[in-house]
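Enquirer: pasting a predicted model and its sequence here:
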Amino acid sequence: MKKFCAAVIVFAAVLVAVAVWFSPLSSQGSAYVYENNVPVRAVTGCYGESDVVRTDFDGGEKDLENALRRMLATVVKKEQAGGRTVIYAYSPRVAADLQTTCDGLRYNVMAAYENGHVVIGAPVIQGSY
């Protein structure tokens, strides 16, 4: 019986570790699942691969870089326009469908910052920013 209890505890610990590993956006701030550009529910753990997830927080370029580093994200493209910076990146920790930029680059994380505000979405940013 003790071995069974130990196995259950280890299994539960593994499940928690997997949930934390595959929900990096919820660790950045308040994260929400979006449908049709509207938040429909808060992310409280793992989210589905087909879900579109977004998190917003106050910060700038360094804060965004730190968030992407914690997500193990690799930047594939960076654009700037009108004071806004938009980054396309790939993270093995994000459970999101891969998207393709117009020039053929693959990503599953889209991030932006402007005027002290950071937005990170997986696979894309929905809603206005």
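Expert: Sure thing, it's come through.

Enquirer: and residue 72, what is it in contact with?
Expert: Contact analysis of residue 72 by Cβ atoms under 8 Å, 6 or more residues apart in numbering lists 91-93. For every residue, glycine as well, the C-beta is placed using N, CA and C.

Enquirer: check which helix or strand covers it.
Expert: For residue 72, there is no host helix or strand (DSSP states H and E).

Enquirer: backbone phi and psi for it, please?
Expert: phi 60, psi 30 (degrees, to the nearest 10).

Enquirer: how about residue 51?
Expert: According to degrees, to the nearest 10, residue 51 has phi -70, psi 150.

Enquirer: ok, now how distant is the nearest residue to residue 35 once chain neighbours are set aside from residue 80?
Expert: Once flanking residues are discounted, residue 35 sits nearest to residue 52: 7.3 Å by Cβ to Cβ, 6 or more residues apart in numbering. Using Cβ to Cβ, to the nearest Å, residue 52 is found at 24 Å from residue 80.

Enquirer: so the two - more neighbours on which side?
Expert: Each of residue 52 and residue 80 has its neighbours counted (other Cβ atoms under 10 Å); residue 52 has more, 22 against 10.

Enquirer: quick check: closest non-adjacent residue to residue 124.
Expert: residue 110 (4.9 Å).

Enquirer: so the one you found sits in a helix?
Expert: No: read with DSSP: H, G, I helix; E, B strand; the rest coil, residue 110 is strand and lies in no helix.

Enquirer: contacting residues for it?
Expert: By Cβ under 8 Å, 6+ apart, the neighbours of residue 110 are 86-89, 99, 120-125.

Enquirer: mark which of those residues are part of strands, please.
Expert: 86-89, 99, 120-122 (DSSP state E).

Enquirer: neighbour-wise, give me the winner out of the residues you listed.
Expert: Scoring those on neighbours with other Cβ under 10 Å, the highest-scoring entry is residue 122 at 31 neighbours.

Enquirer: for the closest residue to that residue other than its chain neighbours, give me its contacts.
Expert: Of all residues beyond its chain neighbours, the one nearest residue 122 is residue 96 (4.1 Å), with distances taken as Cβ to Cβ, 6+ apart. Shown in contact with residue 96 (Cβ under 8 Å, 6+ apart): 49, 51-53, 108-109, 122-123.

Enquirer: please consider this matter closed, and thank you.
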